[in-house]
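Novice: Next one to model:
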Amino acid sequence: MADETKLKWEGKATAELKASTAEQIWPLIAEFCNLDKFFPSVDTCYRKEGTPGEPGLVRYCEGKMGWANEKLLTIDPVNHSLSYEVMENNVGFKNYVATLNVLPMEGGGCKIEWSFVSDPIQGLKVEDLVSLVDDTLQFMAKKMEDAVVCGCAGSKLDVENC
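Specialist: Okay, the predicted model is just below:
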């Protein structure tokens, strides 16, 4: 039997947004350094280095679970997709790479897909991480859709006062 601790973990979560289009939601995801506006356990998120909207941008995020530096690897505004990696952190991530896609849904609305590949995280099972990603994505999707519906998702993002 193979040593399971050496295997990569993979997971995927999807959230459907019935009242928002991919074109409305994409700018909220593409703004890589606004994670604190939507991520339930992130209190602070800001650019450390790099150019906004360009691969190589590094953001610093901190919250209840710890801190992480995350690097934007790819961003495709035409296909509404980006990928990033977690670099230095105190949360336990090693070789974590995630991809977020915003896709139109037939009949209206859109869906956000969040997939990841990671080394195993000590003290967790892959199911725990998938569940955390799914719960987080559902929370983020609702907050993003609320911002779009109430009109708070324009050029000056003000989701707190929505």
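
Novice: Check which helices and strands the lengthiest helix in the chain is in contact with.
Specialist: When the chain is scanned for its longest helix (criterion: DSSP state H), the result is helix 126-149. Applying 3 or more C-beta pairs under 8 Å, 6 or more residues apart in numbering; DSSP states H and E, one finds that helix 126-149 contacts strand 9-17, helix 22-30, strand 110-118. No exception for glycine: its C-beta is placed from N, CA and C like everyone else's.

Novice: list the buried ones in it?
Specialist: 126, 129-130, 132-134, 136-138, 140-141, 143-145, 147-148 (16 or more other C-beta atoms under 10 Å).

Novice: So which residues lie in contact with stretch 96-105, not counting its own?
Specialist: Outside of stretch 96-105, the residues within contact range by C-beta atoms under 8 Å, 6 or more residues apart in numbering are 16, 18, 21-22, 25-26, 29, 73, 79-86, 110-119.

Novice: from those, which would you call buried?
Specialist: Among the contacts of stretch 96-105, the ones that count as buried by 16+ other C-beta under 10 Å are 22, 25-26, 29, 80-86, 110-112, 114-116, 118.

Novice: what stretches of the chain score poorly on pLDDT?
Specialist: 1-6, 153-162 (pLDDT under 70).

Novice: Could you list the buried residues of the lengthiest strand in the chain?
Specialist: Assignment by DSSP state E gives strand 66-76 as the longest strand of the chain. For strand 66-76, a neighbour-count test (16+ other C-beta under 10 Å) marks 68, 70-72, 75 as buried.

Novice: can you tell me the distance between the two ends of stretch 57-72?
Specialist: 5 Å (C-alpha to C-alpha, to the nearest Å).
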